[in-house]
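Asker: Based on what follows, work out the 3D shape:
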Amino acid sequence: MKTLTRVALISLVSVTLGCIDTTPLGPGIVLEDTVDLGKVSESTQIEKLSTNVVSNKLTVNFKLTPGARYSAQLFDIKGEMIDTQGFTSANIYESRVFDYSNIKNGSYDFTLTDTQGKSVKVPVLITH
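Answerer: Have a look, this model is predicted:
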């Protein structure tokens, strides 16, 4: 029984060690340890829209975390992303203008997402 246990243990260790890739990357290849996602967001809020019915430009007032990174996105009714703009917040309260003059008429969701995955959205109707 001891022999069977040893064989099973040796097989398990061999299989486990065989799954570890120890191949060197080669000269000049450097892996980045971290990606800078900015400060951790403590606030991800859409405070106010200039209007929910947009003809060309949409002005959005946000309450954000200075130094945190965000993504402002426009999704159509099917859930397909139409526009995306990333930015880093400089202030707690920010106002940003989004030019949607080239977007087709229709119903959309304007979404603000932080690097932690928190999202808020508001409906927008684009008419030209």
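Asker: which residues of the chain fall in helices?
Answerer: 2-18 (DSSP state H).
Asker: Flag the shaky bits of it, pLDDT-wise.
Answerer: When the per-residue scores of the chain are filtered using pLDDT under 70, the ranges that remain are 1-36.
Asker: which residue is nearest the centroid of it?
Answerer: Relative to the mean C-alpha position of the chain, the nearest C-alpha, by CA atoms, centre = their mean, is the one of Thr115, at 5.2 Å.
Asker: That residue - nearest residue in space that isn't next to it in sequence?
Answerer: Setting aside the residues directly before and after it, Thr115 is nearest to Leu37 in space (CB to CB, 6 or more residues apart in numbering), at 4.2 Å. The C-beta positions use only the backbone N, C-alpha and C, and glycine is treated the same way.
Asker: Could you count how many residues lie near that neighbour?
Answerer: The criterion is other CB atoms under 10 Å. On that basis, Leu37 has 13 neighbouring residues.
Asker: Hmm, Arg69 and it touching each other?
Answerer: Yes: using CB atoms under 8 Å, Leu37 is in contact with Arg69, at 5.9 Å.
Asker: Show me the common contact partners of the two, please.
Answerer: The contact sets of Leu37 and Arg69 overlap at Thr115 (CB atoms under 8 Å, 6 or more residues apart in numbering).
Asker: Can you list phi and psi of the residue nearest to the centre of the chain for me?
Answerer: Summarising the backbone geometry of Thr115 under the convention degrees, to the nearest 10, its torsions are phi -70, psi -10.
Asker: Check the gap between it and Ser71 for me.
Answerer: Computed as CB to CB, to the nearest Å, the Thr115 to Ser71 distance reads 8 Å.
Asker: Contact partners for Arg96?
Answerer: If a contact means CB under 8 Å, 6+ apart, then Arg96 has 59-60, 62, 72, 87 as its contacts.
Asker: List only those of those flagged as buried.
Answerer: Among the contacts of Arg96, those scoring as buried are 60, 62, 72 (criterion: 16 or more other CB atoms under 10 Å).
Asker: Run through the bridge partners of Ser95.
Answerer: With beta bridges defined as DSSP bridges, Ser95 has these partners: Asn61.
Asker: what does Lys121 give?
Answerer: Thr111.
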